[in-house]
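**Q** here is the input, now give the coordinates:
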Amino acid sequence: MKSWMSRLAAAMAGSGILGCAAPKALAGVEPVHGFELERYLGTWHEVARLDHPFERGVEQVTATYSLREGGGVRVLNKAYRTEKRVWKQVEGKAFFVGEPSVGFLKVSFFGPFYGSYVIFDLDTADYGHAFVAGPSTSYLWLLSRTPTISDSLRARFISMAAARSFDTAALIWAQPVQ
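**A** Reported below is the predicted structural model:
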């Protein structure tokens, strides 16, 4: 049986999220401007996502961003594997695709292969939520500093995602921690 990280690598390679070409933003998904990395650092909770083989069977997903020695951003994703009842984590790295004031990064969890990480909506007042897209409409996340969000934020996310051709009916919403 493949490990969680092996399945992640295989799924990302097969999906086209990985590749040697420079990551591109998805058509119609414009990254935020005025981005401040220092304010984005820290832990984010995954509130909603589209399904991927590398996240199947996990819950309580968090992503923690910190500065990497030598440049870039350290990405530490942590999730609870419900079937095995264990916590797993995977570490990656991210770098800006262009200017650091634009919320467009390339992220890698395996070797020299990078996928797009486009922040297309961000709570600029307190960096409390982020809407993130990948290289296609198959990749979408709602991240929040807290594990739960307001109904109005949920509606805003659905509306903005639908306007960008994401399948909002297929969203997986995080369950509250018991």
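
**Q** would you verify that Ile158 is located in a helix?
**A** Yes. Counting by DSSP: H, G, I helix; E, B strand; the rest coil, Ile158 is part of a helix.

**Q** name the nearest residue to it, ignoring sequence neighbours.
**A** Thr168 (4.9 Å; Cβ to Cβ, 6 or more residues apart in numbering). For the C-beta atoms, the positions are set from N, CA and C on the backbone; glycine is no exception.

**Q** for that neighbour, give me phi and psi.
**A** phi -70, psi -20 (degrees, to the nearest 10).

**Q** count of neighbours near it?
**A** 17 (other Cβ atoms under 10 Å).

**Q** quick one: pLDDT of it?
**A** pLDDT for Thr168: 97.

**Q** pretty sure it sits against Arg156.
**A** No. Counting by Cβ atoms under 8 Å, Thr168 sits too far from Arg156 to count as a contact (11.7 Å).

**Q** do a quick rundown of the helices in the chain.
**A** Applying DSSP state H to the chain gives helices spanning 4-15, 37-40, 151-163.

**Q** next, count neighbours for Tyr117.
**A** 26.

**Q** same check, this time on Val58
**A** 19.

**Q** if I look at it, how far off is Glu46?
**A** According to Cβ to Cβ, to the nearest Å, Val58 and Glu46 sit 9 Å apart.

**Q** over to Glu30?
**A** Taking Cβ to Cβ, one finds Glu30 at 22 Å from Glu46.

**Q** more crowded one of those two?
**A** The neighbour comparison of Glu30 against Glu46 (other Cβ under 10 Å) goes to Glu46, with 23 against 15.

**Q** report the beta-bridge partner residues of that one.
**A** In this structure, Glu46 bridges to Leu143 when assessed by DSSP bridges.

**Q** do the same with Lys78
**A** Thr62, Gln89.

**Q** start at 53 instead
**A** Got it, first residue is 53 now, which makes that one Lys130.

**Q** can you report how many residues neighbour it?
**A** 16.

**Q** would you check that Gly144 makes contact with Lys130?
**A** No. In this structure, Gly144 is not within contact of Lys130 by Cβ under 8 Å, at 12.0 Å.

**Q** pLDDT weak spots in this structure?
**A** 53-77, 228-230 (pLDDT under 70).

**Q** who touches stretch 205-217?
**A** 78, 80-81, 100, 172-173, 181, 183, 185, 189, 192, 194, 196, 220, 223 (Cβ atoms under 8 Å, 6 or more residues apart in numbering).
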